[in-house]
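# Got a sequence here, can you model it:
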Amino acid sequence: MDLARHESLQSALAEAFETFAERVCLIEADRDRERARLTYAEVAEASAALAGWLAARGTRRAAILMTNQSKWHIAACALFRIGGQLVPLDPKLPAAEQAELLRHSEADTLFIEHHLWRALAFGGQAIVSEAPPSTDLRGAARYEECRAAAPPLVPRRRSDVACIVYSSGTGGRPKGCQLTHDNYLEQCAALLRLYRFDPGDRYLSILPTNHAIDFMVGFLGPYTCGATVIHLRTLRPEFVREAFTRYQIAYMALVPLVLTNLERGLRGRIAALPGWKRRLVALVGRLRSPRAARLLLREIQRGFGGRLKALFVGGAFSEPSSLRFFRDLGIEVANGYGLTEAGTVVTLNDGGHFREDSVGRPLAGTEVRIADPGPDGIGEVQVSGRTVMAGYLKDPDLTAETIVGGWLRTGDQGRLEASGHLRLFGRRKNMIVTAGGKNVYPEDIENAFDGMEVAEFCVFAAHRLWPGRDERLLLVVRPNRRVPFEEELWRRNRTLPDYKRVAGHVVWERDFPRTASMKIKRDELAAAVAAAGSDRVVTP
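Numbering: from 1, shown residues only. Prediction:
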């Protein structure tokens, strides 16, 4: 499909439904059985009938509050067909936060699963899925009964808003990013130039579809190429592993935390191999040739179904050692950098120009510059191009602060290398100025502790945890099954320049709070550690 010929997502989807009518579009699996298997023609029929019901009730803006399933995609296709705007929301947010975002978005219709609906008050038309037959829905509609004659396709211009996506729904000022049809079509076309889905390729969807990454590479990308999306209703590791071989997966997107867990499992399997096989893996790793690895380590490739083309990873920082580990096994990992305000992806490390110490080069049609760089070349990353949002919903002041002269101010600190690759050093708001006047980024220091035998860790300045303290660096650590880690921590610490060394660590037994994209909520973690008291600091 030539996306340049289309003015809107509904136009592109309509062509996909016609072109790939008999191909399998969606498979919904729950543990070891399939709940649904739908062709493109069947998705088109179901979404058209739902669109008729929505059109009859004057729906203009609808939110979807569901876990990954076929109904999510069908609802989105139906809404686009009638020219409506989509508000994808995170089903893992507390009900109070979901309600606040619904109020802010002014959605008139809500698609929601029954177990979520019971805890949420919504003043518009609620469409509830999977409700028991005997349940009194108190005026809400049953998803399964929302059907009517198919309405005509409502045209939209590229400049029209397609989705309102909240980049931060966890307290504070709601940021509803208004993303246009042009944003999505340009982004999709740019990504498909680097990683094309072929008809019949299968994408394993484990990130929530409301997440910008999965919405693009687990919905729009596969649909416009005739690929198949696999939704799992359980994310238990054994069923995810089985899905790779059962469905011969070609692509999957994940966040760095999941990639790290996958790496840990692979390393354990490699350690259990006979001696000669372990030596072969080590030898192939030293070759640093993905092509040789694919030829010599076919047993590992078969463990991923034998047809894996690439894993996409984003949403947070990816450890360079993890990226190299997978490439040395012949498994391509395309890590990137992006933000909702820029339509998902800004830069991507593709196989032809891979550098594990970077987040890749800008996508076609996207410009990146470094504003006010220091002597080391590090400054604020700014982005321009057709994928940058139209602005924040109902917030012209914040929009004017964020997009200045056509350039999106990201708040991230980075440096552009001569090769065009972007290296990130952290968020400006997280930057620590040492007593010696050095600028230090916690994310940069954390890289030195990559692979340490702990569950998770995070760097803070002492004064951020306890007001009145100095700027000395502390490592907050959640241990991994109580495996001793202190000796390794201090050994690694000694390899750092003096101004980057941590002065102590705090053992934290609870899971770190994280966003939907698995980024650590630093403010929330800092508040919890601070409340526990400063006497928990351990020094060498």
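# Which helix or strand lies directly C-terminal to the worst-scoring helix or strand of the chain on mean pLDDT?
Across the helices and strands of the chain, mean pLDDT, DSSP states H and E gives its lowest value to strand 432-433, namely a mean of 76. Remark: after strand 432-433, the chain's next helix or strand is strand 439-440, criterion DSSP states H and E.
# Can you tell me the strand partners of that next one and which way each runs?
Note on strand 439-440: by DSSP bridges, its sheet partners are strand 432-433 (antiparallel).
# just how off-centre is the strand it pairs with within its chain?
On the basis of CA atoms, centre = their mean, to the nearest Å, strand 432-433 is displaced by 29 Å from the centre of the chain it belongs to.
# and what of stretch 5-14?
Relative to the centre of its chain, stretch 5-14 is centred 24 Å away, using CA atoms, centre = their mean.
# In it, which residues are buried?
Neighbour counts over stretch 5-14 (16 or more other CB atoms under 10 Å) mark 6-14 as buried. Just so you know, the C-beta spots here come from the backbone N, C-alpha and C atoms, and that holds for glycine as well.
# where do the helices sit along the stretch 151-300 of the chain?
In the stretch 151-300 of the chain, the helices defined using DSSP state H, counting those that start in this stretch lie at 181-194, 212-215, 221-223, 237-247, 256-271, 275-287, 290-296, 298-303.
# which parts of the fourth one are buried?
What it means is helix 237-247. Residues 239-240, 242-244, 247 are the ones in helix 237-247 that count as buried (16+ other CB under 10 Å).
# I'd say residue 56 and residue 148 touch.
Yes - the criterion here is CB atoms under 8 Å, and residue 56 meets it with residue 148 at 5.6 Å.
# need the longest strand for this protein.
Counting by DSSP state E, the longest strand found in the chain is strand 407-416.
# Strand partners (parallel or antiparallel) of it?
Using DSSP bridges, the strands paired with strand 407-416 are strand 379-385 (antiparallel), strand 403-404 (antiparallel), strand 422-427 (antiparallel).
# Which of those strands sits closest to residue 101?
Comparing the strands paired with strand 407-416 by their distance to residue 101 (CB to CB), the top pick is strand 403-404, with 21.7 Å.
# thinking residue 265 is in contact with residue 238, fair?
No - with contact defined as CB under 8 Å, residue 265 does not count as touching residue 238 (10.5 Å).
# that older thread, buried residues in the longest strand of the chain?
Those would be 407-410, 412-416, for strand 407-416 by 16+ other CB under 10 Å.
# Stretch 471-484 now?
For stretch 471-484, burial by neighbour count (16+ other CB under 10 Å) applies to 471-477, 479.
# and the helices of the stretch 151-300 of the chain, which is most packed in?
Highest mean neighbour count among these (mean count of other CB atoms under 10 Å): helix 221-223, with a mean of 26.
# was I right about residue 403 contacting residue 390?
No - judged on CB under 8 Å, residue 403 makes no contact with residue 390 at a distance of 9.3 Å.
# In terms of neighbours, single out the busier of the two.
When neighbours are counted by other CB atoms under 10 Å, residue 403 comes out ahead of the other of residue 403 and residue 390, with 20 against 17.
# where's that one relative to residue 391, distance?
Residue 403 sits 7 Å away from residue 391, going by CB to CB, to the nearest Å.
# Ok, residue 347 next?
23 Å.
# higher neighbour count, the two?
Using other CB under 10 Å, the more surrounded residue of residue 347 and residue 391 is residue 347, with 27 against 18.
# Contacts only, for the more buried one.
By CB atoms under 8 Å, 6 or more residues apart in numbering, the contact list for residue 347 reads 336-338, 358-363, 366, 368, 421-422.
# Quick one: residues contacting the nearest residue to residue 112 once chain neighbours are set aside.
Nearest residue to residue 112, sequence neighbours excluded (CB to CB, 6 or more residues apart in numbering): residue 65, at 4.5 Å. Residue 65 makes contacts with 89, 91, 98, 110-113, 116, 120, as judged by CB under 8 Å, 6+ apart.
# show me where pLDDT drops low in the chain?
168-172, 435-437, 516-517 (pLDDT under 70).
# domain assignment for it?
Listed by automatic domain parsing, the domain ranges of the chain are 3-231, 343-425, 431-538.
# so how far is the first one off the chain centroid?
Computed by CA atoms, centre = their mean, the chain-centroid distance of domain 3-231 equals 16 Å.
# hang on, isn't residue 499 packed against residue 439?
No - using CB under 8 Å as the test, residue 499 is too far from residue 439 to be in contact (9.6 Å).
# Can you get me the start-to-end distance on stretch 444-463?
19 Å (CA to CA, to the nearest Å).
# Distance from it to the middle of the chain?
The answer for stretch 444-463 is 22 Å, by CA atoms, centre = their mean.
# Buried ones in it, by neighbour count?
For stretch 444-463, the neighbour count (16+ other CB under 10 Å) marks 444-446, 449, 452, 454, 456-462 as buried.
# tell me which residues in stretch 385-396 are buried?
385, 387-393, 395.
# Same question for stretch 317-330.
So stretch 317-330, judged by 16+ other CB under 10 Å, has buried residues 317-319, 322-330.
# which other residues reach that stretch?
256, 259-260, 263, 266-267, 281, 284-285, 288, 290-295, 297, 300-301, 311, 332-333, 335, 349, 354, 356-357, 359, 424, 443, 446-447, 450-451.
# Output that stretch in PDB with nothing but the alpha carbons.
Only the C-alpha atoms of stretch 317-330 are listed here, as PDB (Å, rounded to 0.1, in the frame of the first residue of the first chain):
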ATOM      1  CA  PHE A 317      16.700   3.400  28.200                       C
ATOM      2  CA  SER A 318      18.000   0.100  26.800                       C
ATOM      3  CA  GLU A 319      21.300  -1.200  28.200                       C
ATOM      4  CA  PRO A 320      24.000  -1.400  25.400                       C
ATOM      5  CA  SER A 321      25.200  -4.800  26.700                       C
ATOM      6  CA  SER A 322      21.700  -6.300  26.200                       C
ATOM      7  CA  LEU A 323      21.400  -5.000  22.700                       C
ATOM      8  CA  ARG A 324      24.800  -6.500  21.900                       C
ATOM      9  CA  PHE A 325      23.900  -9.800  23.600                       C
ATOM     10  CA  PHE A 326      20.900 -10.300  21.300                       C
ATOM     11  CA  ARG A 327      22.800  -9.200  18.100                       C
ATOM     12  CA  ASP A 328      25.600 -11.600  18.900                       C
ATOM     13  CA  LEU A 329      23.000 -14.400  19.000                       C
ATOM     14  CA  GLY A 330      21.700 -13.300  15.500                       C
END
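# Out of the domains of the chain, the one nearest residue 306 is which?
Checked against CB to CB, the stretch from the domains of the chain lying closest is domain 3-231, at 12.0 Å.
# Between the two ends of that closest one, what distance do you get?
Start-to-end, domain 3-231 (CA to CA) is 25 Å.
# again with stretch 433-450
Using CA to CA, first and last residues of stretch 433-450 are 23 Å apart.
# ok now it, how far from the chain's centre?
How far stretch 433-450 lies from its chain's middle: 25 Å, per CA atoms, centre = their mean.
# want to throw the strands paired with strand 407-416 into JSON lines with distance to residue 483?
Listed next are the strands paired with strand 407-416 as JSON lines, based on distance: least, CB to CB, whole Å:
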{"stretch": "strand 379-385", "distance to residue 483": "36"}
{"stretch": "strand 403-404", "distance to residue 483": "47"}
{"stretch": "strand 422-427", "distance to residue 483": "28"}
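# Tell me which of these sits most buried.
Among the strands paired with strand 407-416, strand 379-385 has the highest mean neighbour count (mean count of other CB under 10 Å), at a mean of 22.
# Give the other helices and strands that the helix or strand following it contacts.
Sequence-wise, the next helix or strand downstream of strand 379-385 (DSSP H and E) is strand 391-392. On a contact count with 3 or more CB pairs under 8 Å, 6 or more residues apart in numbering; DSSP states H and E, strand 391-392 meets strand 176-180, helix 396-402.
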